[in-house]
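Undergrad: Pasting the sequence and the predicted model now:
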Amino acid sequence: MIRLENVSKTYNRGIRALNNVSLTIDSGEFVYVIGTTGSGKSTFIKLLYREIKPTTGIVEVVGLDVAKIPNRKVPYFRRNIGVVFQDFRLLPTKTVFENVAYALEVIDTPRHEIRKQVRQTLDLVGLGEKINAFPHELSGGQQQRVAIARAIVNNPKLLIADEPTGNLDPDTSVEIIELLEKINQSGTTVLVVTHDREVVQSNKKRTIVIDNGYIDSDTSTGGYGI
């Protein structure tokens, strides 16, 4: 599903965000990627959905070398990947249904399929009764569920959740992680990028620690010496 081989990323002025990173994530895995601010987490996930290219090394996602994908084909590549951001990024003037449907409209999905898939996905994330609500009418946890629904409505092979519990209270954070685990159980590979140590310690999964651009540890137990 994901393979990085000797990957480094250097930005302008010689700032190196990743240093010779190599790792493999198999299809169907649930993996935490953790690290402090500035450790290289954001660079790591931007490489995966081809917002940036590696300076050196190979990044493969769903069997494709992302650096070799022509710009015009990047939108097609990204159909394999759902991304959930910490700040939700919902469209404020659109309803819950419309926010989720938008992800299908941009890839020209037929209207009858959109109605079917959106309703099924909103039921999955527990928001079937909020279909006509607007983002400002929802709690933070509900908004995050809409963002997750939008990310998975086209059945991506990989779901990347970037700090999905960062703006949520502890109880709601637990609910969101449980939802991500449910999605993972359906066969989707799930990558959760976080600095929330409590979430990681409470949900033992493979955990990759990035520190100063290096892989500091990679464990399947969820424990990393804290």
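TA: Perfect, thanks for sending it.
Undergrad: Show the contacting residues for the residue positioned nearest the centre of the chain.
TA: For the chain, the residue nearest the mean C-alpha position is Ile160 (1.3 Å; CA atoms, centre = their mean). Residues near Ile160 by CB atoms under 8 Å, 6 or more residues apart in numbering: Ile45, Leu48, Tyr49, Ile81, Gly82, Val83, Val84, Leu191, Val193. Quick note: C-beta positions are derived from backbone N, CA and C, even for glycine.
Undergrad: which residues does it bridge with?
TA: Beta-bridge pairing for Ile160 (DSSP bridges): Val83, Leu191.
Undergrad: quick one: pLDDT of it?
TA: Per-residue pLDDT puts Ile160 at 97.
Undergrad: Tell me how far it lies from Glu113.
TA: Remark: distance between Ile160 and Glu113 (CB to CB, to the nearest Å) = 24 Å.
Undergrad: and stretch 49-60, which residues are buried?
TA: Tyr49, Arg50, Ile52, Pro54, Gly57, Val59, Glu60 (16 or more other CB atoms under 10 Å).
Undergrad: can you give me the end-to-end distance of it?
TA: End-to-end span of stretch 49-60 (CA to CA, to the nearest Å): 10 Å.
Undergrad: Mind checking the pLDDT average for that stretch?
TA: Throughout stretch 49-60, pLDDT has a mean value of 97.
Undergrad: cool, and stretch 76-91?
TA: Looking at stretch 76-91 alone, the average pLDDT works out to 92.
Undergrad: Straight-line length of that stretch, end to end?
TA: 22 Å.
Undergrad: cool, and stretch 23-37?
TA: Counting by CA to CA, you get 21 Å between the two ends of stretch 23-37.
Undergrad: what's next to it, contact-wise?
TA: Contacts for stretch 23-37 (CB under 8 Å, 6+ apart): 1-4, 41, 44-45, 157, 180-181, 184, 187-195, 197, 200, 205-211, 215-216, 218, 222, 224.
Undergrad: which ones among these are found in strands?
TA: Residues of the contacts of stretch 23-37 located in strands (DSSP state E): 2-4, 189-194, 206-211, 215-216, 218.
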